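Engineer: Sequence first, then the predicted structure:
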Amino acid sequence: MKNYQAILIAVGGITLTLLTGNGTIQNYIAFAGELNEMTFACVGMMLGLVGLAAIDYRKLLKGLF
């Protein structure tokens, strides 16, 4: 996986988690219950964490400097 893909996955997952926590995502997705909404937030958080773990930081730092 390329670094830009991992960064996009991490940003997308964290964004989904934050939008769900703020309640903004309810304007776009109608959840059937609170448990569904919490599960959606947890899946977004896991997606963000996996994206952060997949980034090759040595390669990223080498490209920056």
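Structural biologist: Sure, I can see it. Numbers count the residues shown, from 1 in each chain.
Engineer: Give me the most central residue, this structure.
Structural biologist: residue 13 (1.0 Å; C-alpha atoms, centre = their mean).
Engineer: Verify the contact between it and residue 40 for me.
Structural biologist: No: using C-beta atoms under 8 Å, residue 13 makes no contact with residue 40, being 11.2 Å away. C-beta: built from backbone N, CA, C; applies to glycine.
Engineer: so what's the residue nearest to the centre of the chain up against?
Structural biologist: 44, 45, 46, 47, 48, 49, 50, 51 (C-beta atoms under 8 Å, 6 or more residues apart in numbering).
Engineer: For it, pull up the helix or strand it's in.
Structural biologist: Residue 13 belongs to helix 3-22 when assigned by DSSP states H and E.
Engineer: And the next helix or strand past that helix?
Structural biologist: That would be, after helix 3-22 and using DSSP H and E, helix 34-54.
Engineer: which other residues reach that next one?
Structural biologist: By C-beta under 8 Å, 6+ apart, the list of residues contacting helix 34-54 reads 1, 6-17, 20-21, 25-26, 29, 31.
Engineer: buried set for it?
Structural biologist: Across helix 34-54, burial judged by 16 or more other C-beta atoms under 10 Å covers 37, 40, 41, 44, 45, 47, 48, 51, 52.
Engineer: what residue ranges in the chain score low on pLDDT?
Structural biologist: In the prediction, the chain carries no residues with pLDDT under 70.
Engineer: most distant residue from the middle of it?
Structural biologist: residue 65 (26.7 Å).
Engineer: do you know how far that one is from residue 59?
Structural biologist: Per C-beta to C-beta, to the nearest Å, residue 65 is found 12 Å from residue 59.
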